[in-house]
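S.K.: got a sequence here, can you model it:
(chains A, B, C and D)
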Number of protein chains: 4
Amino acid sequence: MPNAVLLAHGPLRPRLAAALTDFVYRSGGRIVSHEQYVDQEDARYYTRLEWETEAPRERIEADLRAGIGEPFDLRWTLRSSDHRPRIGVFVSKLPHCLYEILARVRSGEWRAEVPLIVGNHPDLEPVARTFGIEFLLTPVDGSNKRAQEERQVAALRERGVELVVLARYMQVLSDGFVAAYPDAIVNIHHAFLPSFPGAKPYHAARRRGVKMIGATSHYVTAELDAGPIIEQDVIRVGHRHSVEELVRLGRDLEKIVLARAVRLHLERRVVVHDGRTVVFD
Amino acid sequence: MPNAVLLAHGPLRPRLAAALTDFVYRSGGRIVSHEQYVDQEDARYYTRLEWETEAPRERIEADLRAGIGEPFDLRWTLRSSDHRPRIGVFVSKLPHCLYEILARVRSGEWRAEVPLIVGNHPDLEPVARTFGIEFLLTPVDGSNKRAQEERQVAALRERGVELVVLARYMQVLSDGFVAAYPDAIVNIHHAFLPSFPGAKPYHAARRRGVKMIGATSHYVTAELDAGPIIEQDVIRVGHRHSVEELVRLGRDLEKIVLARAVRLHLERRVVVHDGRTVVFD
Amino acid sequence: MPNAVLLAHGPLRPRLAAALTDFVYRSGGRIVSHEQYVDQEDARYYTRLEWETEAPRERIEADLRAGIGEPFDLRWTLRSSDHRPRIGVFVSKLPHCLYEILARVRSGEWRAEVPLIVGNHPDLEPVARTFGIEFLLTPVDGSNKRAQEERQVAALRERGVELVVLARYMQVLSDGFVAAYPDAIVNIHHAFLPSFPGAKPYHAARRRGVKMIGATSHYVTAELDAGPIIEQDVIRVGHRHSVEELVRLGRDLEKIVLARAVRLHLERRVVVHDGRTVVFD
Amino acid sequence: MPNAVLLAHGPLRPRLAAALTDFVYRSGGRIVSHEQYVDQEDARYYTRLEWETEAPRERIEADLRAGIGEPFDLRWTLRSSDHRPRIGVFVSKLPHCLYEILARVRSGEWRAEVPLIVGNHPDLEPVARTFGIEFLLTPVDGSNKRAQEERQVAALRERGVELVVLARYMQVLSDGFVAAYPDAIVNIHHAFLPSFPGAKPYHAARRRGVKMIGATSHYVTAELDAGPIIEQDVIRVGHRHSVEELVRLGRDLEKIVLARAVRLHLERRVVVHDGRTVVFD
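M.R.: Got it, this is the predicted structure:
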């Protein structure tokens, strides 16, 4: 039997945690993990609760809604641990993040599928072919962006895609696209945000003479490079590193940071609230 | 005998490196270390050369100037390894960076002296007293900044101070003060610049939801928090860390990053050019 | 009013967590933080619970024992958050860890006192004098170790010392001493244990050609450098670093790692069980 | 024109560095990079020198041998920067390091080819097929090791393989195999050596309660996990991480550390001497 995974947050109330664990025990479940976080400043409770259960998901949902969700004013989602999300990967010309994702999916490291790769350039079509995955070419220019985005969203919907991963996709998505996948588009930015947002961050890092460069994976929102941060990491650099070398060092960082963020999302470990994330890891 | 330490940079020219090492050999010296860096983009050569010699410093200087400095258009400084720079430490209310500096000087870890601590608040006078060091109180308000800075610079000059360290000193120095100590005022900023310049960076980091916080030590220039970066480091944080906890975690980072930067400066390992540093470490 | 801080562990039992939080609510307390960890492999529950309360500690203790400790077979300790432990610091010749500890205590960063510094060499007596702290000189040779340890333990007991910190103290403590302070002697070893236990780890690291060096803070047990690890960290090094430079780089690591471990101990964040630690941070 | 890349080491002699740069200038070359390291303890000089040249490699080699190699007692190798080494990858059942290598080769990140994948289990044959690379299955049991190794070495030689990469290959190579590829077999060990050599290091790390786990890439020598270390890295872990989670976290570390080491080898940046490496990066 798969486990049930609950991700929830709401106003801090006495006995909320006990109500949740009691809910599991009463339904004959066995708790596998129960992570909690209380934001004392906002008086807000966050939790990720995973338990073994033989109850059907519909009954759990109904009981949760009536018994806890509504009385405690909780926002929550429930998933089975055997759910297998479908990912749409967006790319431009750089292959390292794409290979990283496909290797993890293909080797079974991630419980997920990639039914579609979308590119605004044809460069990575051969990678899609190597892995036997459909490639949708949607070149974007000044005039056709809206039309291409409509094609993209339609293709994603048709294939049941739940999560969009921008794997060094060098186009800004319109608000309309972003609204179609709220908290479900994960991007990798090649800088330690909020440092160096926008284009050519490695050039900017070199010019500023920073001693570390970073990468940031975040949910995409309407404002460029300002969405809730899921994961970041950095690597030490110095004056000896040319822009080309920063690009090379950054590649490894980008793909690992993106992969960590995607895993956290796939395993339902990220709650977004008020422009920030709570990550249960 | 102390060693000679040359720090130099200039346009890249063929045989410049060989000219420097030949200079040492011809004068009977023995090279202890010879670090070099060529910025291929700017065609610029940087070096730190340390050698054992019995020649008097004046003769070395004269020979260097005539034989290499002028023909190769080099900017250079020469120090004896037994030189003992005097540091003026500026503080406000937070003691951790001050203790860090005094411990390293007092234990002999650094070849340096601290003849004077300057504070715009009296809070750290007791620390100065513990270590038996003079404390100059210069409270700054809207109207007396220029006058207080004049007192500060006069006191520093009187005591032969070569290096000013801002150890979480919460006042912005005027351009006049900065001009009095070019490339010789080291500050610690409690953020990973260029992220979160200015006031209250830990509050800003918490609000933005970053997954790492940092500290940056840099030379002070006329523009706030924009001077050449000497050293940076970061530490992993998460949603669980309140601002108070970021402050606590940041303290350790700040004092270590500042101490590394001051050591690099004291050992003549930092060259400043074009708003950035070349660090020979 | 100070908070109550409970540190506890015991066999995993259903409703144990709820019993603890109910205990707090029933007595009119307000939970400030409640960290939990379940070792699924060993079916063991660990927790750190901190709450605001006006109840006297004796009543809390009695109620806890009767209501939870015994029925749930819990091992637990209770402290007030205003408790101010007394630390005995042991040193040999190197001052960096000693300064680190004294700066944190003196500046109020740690809620603790240092009534006594014990040295097997007189070198650091001046540091004790700077800070106005008693220094007990107990030179140890082949024949007097037992006698000196008896003097040390007697002096610690007399001054109400609860925690012994070995701040680069280069003597191995006998089993008798260790038994007098179970899980209350914190050491810093200058290597990334279990790599390079014993003497001269930086020499060994250089010889082996490792690319990082580390430091490990652990509780002292009868077996040398094999006690439960509280905290570790590393720093990147390379072939260019001589043993002397490893020593220099290691100093910063040692003092920070030791300070983190002592803080965790002082704030009652470390549970020791089965040769390992559970750290609530 | 490709560059010439010289990797050399020998006893420290006056004017050796100048002799090398003069050699380049005299032959009309332009130095692109010149990295040097002097081991003062051993009085040994190491260098990596890369220069643009139109001279044929044979003439450079002859001139180097006569003019510098022999007079200065240097051990050296010379490569063209357009050399494209062939890599034989050895695997067992875990795919992450194999995917990492193939992605970097296929995307052109590395100037190298992989003509052959060798497995002692058939599990990863499908990965070889995805990338269109030959897979040689050589199951090893108690009796056939010598015979299988002979098949392996013969297959490597036939395909012109210069570098063997053990990508989580779970068999110990015999001394005979190791001797066939001196300083040309790169292994990844899933621990921070010298901690936890041999089998099941993640289990050992969990048991010891370390606060960081690591990975080590090294050249294979006759003694198990004792060869010269090329690269290491670590990641922070805690009591919450089960062995399974250490395995998951370790995977990312292993593949990145291995990839860094292979790149350093491919770009001729590693010198091995006296059981250690000098890495010019």
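S.K.: give me the buried positions along stretch A:108-126.
M.R.: A:109-110, A:112-121, A:124 (16 or more other C-beta atoms under 10 Å in any protein chain shown). (Each C-beta comes from the backbone N, C-alpha and C, glycine too.)
S.K.: no, scratch that, I was asking about stretch A:67-85
M.R.: In stretch A:67-85, counting by 16+ other C-beta under 10 Å, buried: A:67-69, A:72, A:74, A:76, A:78-79, A:81, A:85.
S.K.: same check, this time on stretch A:145-158
M.R.: Of the residues in stretch A:145-158, those buried (16+ other C-beta under 10 Å) are A:145, A:148-149, A:152-153, A:155-156.
S.K.: ok, back up a step: mind checking which of the buried residues of stretch A:108-126 are in strands?
M.R.: Those of those mapping onto strands are A:113-119, per DSSP state E.
S.K.: out of the residues you listed, which one sits closest to residue B:249?
M.R.: residue A:114 (38.1 Å; C-beta to C-beta).
S.K.: wouldn't that closest one be in contact with residue A:102 here?
M.R.: Yes - applying C-beta atoms under 8 Å, one finds residue A:114 in contact with residue A:102, separated by 6.5 Å.
S.K.: so which elements touch the host helix or strand of residue A:255?
M.R.: Using DSSP states H and E, residue A:255 sits in helix A:243-266. When contacts are defined as 3 or more C-beta pairs under 8 Å, 6 or more residues apart in numbering or on different chains; DSSP states H and E, helix A:243-266 packs onto helix A:96-106, strand A:163-166, strand A:185-189, helix A:201-208, strand A:212-219, strand A:229-236, helix D:243-266.
S.K.: just put these in JSON lines and tack on mean neighbour count.
M.R.: Listed next are the helices and strands packed on helix A:243-266 as JSON lines, based on neighbours: other C-beta atoms under 10 Å in any protein chain shown:
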{"stretch": "helix A:96-106", "mean neighbour count": "22"}
{"stretch": "strand A:163-166", "mean neighbour count": "24"}
{"stretch": "strand A:185-189", "mean neighbour count": "25"}
{"stretch": "helix A:201-208", "mean neighbour count": "19"}
{"stretch": "strand A:212-219", "mean neighbour count": "26"}
{"stretch": "strand A:229-236", "mean neighbour count": "22"}
{"stretch": "helix D:243-266", "mean neighbour count": "21"}
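S.K.: redo those as CSV? Include mean pLDDT.
M.R.: Shown next, in CSV, are the helices and strands packed on helix A:243-266 (pLDDT from 0 to 100):
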stretch, mean pLDDT
helix A:96-106, 98
strand A:163-166, 98
strand A:185-189, 98
helix A:201-208, 97
strand A:212-219, 98
strand A:229-236, 98
helix D:243-266, 98
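S.K.: and the ones you listed: which comes nearest residue B:32?
M.R.: strand A:229-236 (25.8 Å).
S.K.: the closest one pairs with which strands, and in what direction?
M.R.: Here strand A:229-236 has these sheet partners by DSSP bridges: strand A:212-219 (antiparallel).
S.K.: got the angle between the strand it pairs with and helix A:201-208?
M.R.: 150 degrees (axes from the mean of the first three to the mean of the last three C-alpha atoms, to 10 degrees).
S.K.: who's in contact with the nearest residue to residue A:68 once chain neighbours are set aside?
M.R.: Nearest residue to residue A:68, sequence neighbours excluded (C-beta to C-beta, 6 or more residues apart in numbering or on different chains): residue A:19, at 5.6 Å. Contacts for residue A:19 (C-beta atoms under 8 Å, 6 or more residues apart in numbering or on different chains) come out as A:67-68, A:72.
S.K.: just the residues you listed now: which is nearest residue D:178?
M.R.: Closest approach to residue D:178 among the contacts of residue A:19 (C-beta to C-beta): residue A:68, at 62.2 Å.
S.K.: element containing the closest residue to residue A:8 other than its chain neighbours, please.
M.R.: Of all residues not flanking residue A:8 in the chain, residue A:76 sits nearest, at 3.6 Å (C-beta to C-beta, 6+ apart). Element membership for residue A:76, per DSSP H and E: strand A:75-80.
S.K.: partners of that strand, with directions?
M.R.: Sheet pairing for strand A:75-80, using DSSP bridges, gives strand A:3-11 (antiparallel).
S.K.: thinking again about what came up before, average pLDDT for the helix or strand harbouring the residue nearest to residue A:68?
M.R.: Using DSSP H and E, residue A:19 sits in helix A:16-26. When pLDDT is averaged over helix A:16-26, the result is 89.
S.K.: so what strands line up beside the next helix or strand after it?
M.R.: Next in sequence after helix A:16-26, counting helices and strands by DSSP H and E, comes strand A:30-39. Using DSSP bridges, strand A:30-39 pairs in its sheet with strand A:44-52 (antiparallel).
S.K.: get me the contact residues on chain A for chain C.
M.R.: A:14-15, A:17-18, A:21-22, A:25, A:32-34, A:36, A:38, A:40, A:236 (C-beta under 8 Å from any C-beta of the partner chain).
S.K.: not counting sequence-adjacent ones, nearest residue to whichever residue of the stretch 151-281 of chain A sits closest to chain C?
M.R.: Residue of the stretch 151-281 of chain A nearest chain C, by C-beta to the nearest C-beta: residue A:236 (7.2 Å). In this structure, residue A:236 finds its nearest non-sequential neighbour in residue A:212, 5.4 Å apart by C-beta to C-beta, 6+ apart.
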